[in-house]
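Visitor: predicted structure and sequence below. I'll ask about it afterward.
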Amino acid sequence: MRKAVLYGIAVLALVASAWRVGQAQTQVRLSEFKMAVQVSKTGLTAQCLQGCEWKEITFTCDAQRPCNTEIDQFGVAGK
């Protein structure tokens with residue numbers, strides 16, 4: 001009887017700790033970021049106002065190099 005109770009407590013502790021680990025992994029919080037983008041005839045300028053690893057990005061675009069890029073919290077990636 002005593003052995004069964006200790007076994008039950010051990011199983012309960014294992015399940016409880018696994019549940020805690022699962023809860024910690026599902027509570028991922030995405031950070032917010034804000035950007036301001038200004039488009040001109042010759043290109044664009046983007047300023048990060050919050051949550052980015054960069055402050056300002058400026059590049060030129062024209063008929064030969066169109067402004068086809070992705071900007072995220074890490075910077076610019078050309079397509």
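Guide: The structure has been received and is ready for your questions.

Visitor: state which strand of the protein is the longest.
Guide: strand 43-50 (DSSP state E).

Visitor: which secondary structure elements does it contact?
Guide: Secondary-structure packing of strand 43-50 (3 or more Cβ pairs under 8 Å, 6 or more residues apart in numbering; DSSP states H and E): strand 34-39, strand 56-60. Yep, even glycine has a C-beta here, placed from its N, CA and C like the rest.

Visitor: next, count neighbours for Gly75.
Guide: By other Cβ atoms under 10 Å, the residues close to Gly75 number 14.

Visitor: ok, now which ones touch it?
Guide: Glu53, Trp54, Ile57 (Cβ atoms under 8 Å, 6 or more residues apart in numbering).

Visitor: mind listing what the last one touches?
Guide: With contacts defined as Cβ under 8 Å, 6+ apart, the neighbours of Ile57 are Thr45, Ala46, Ile71, Gly75, Val76.

Visitor: who wins for neighbours among those residues?
Guide: Going by other Cβ under 10 Å, Ala46 tops the contacts of Ile57 with 20 neighbours.

Visitor: please tell me the pLDDT value assigned to it.
Guide: Looking at Ala46, its pLDDT is 88.

Visitor: I figured it hits Glu56, correct?
Guide: Yes - under the criterion of Cβ atoms under 8 Å, Ala46 is in contact with Glu56, at a separation of 7.1 Å.

Visitor: below-threshold pLDDT in the chain: ranges please.
Guide: Counting by pLDDT under 70, the chain contains low-confidence residues at 7, 11, 15-19, 21-31, 78-79.

Visitor: one more time with 80
Guide: In the predicted model, the chain carries pLDDT under 80 at residues 1-31, 33, 62-63, 65-69, 76-79.

Visitor: that older thread, list the buried residues in the longest strand of the chain.
Guide: Within strand 43-50, the residues scored as buried using 16 or more other Cβ atoms under 10 Å are Leu44, Ala46, Cys48.
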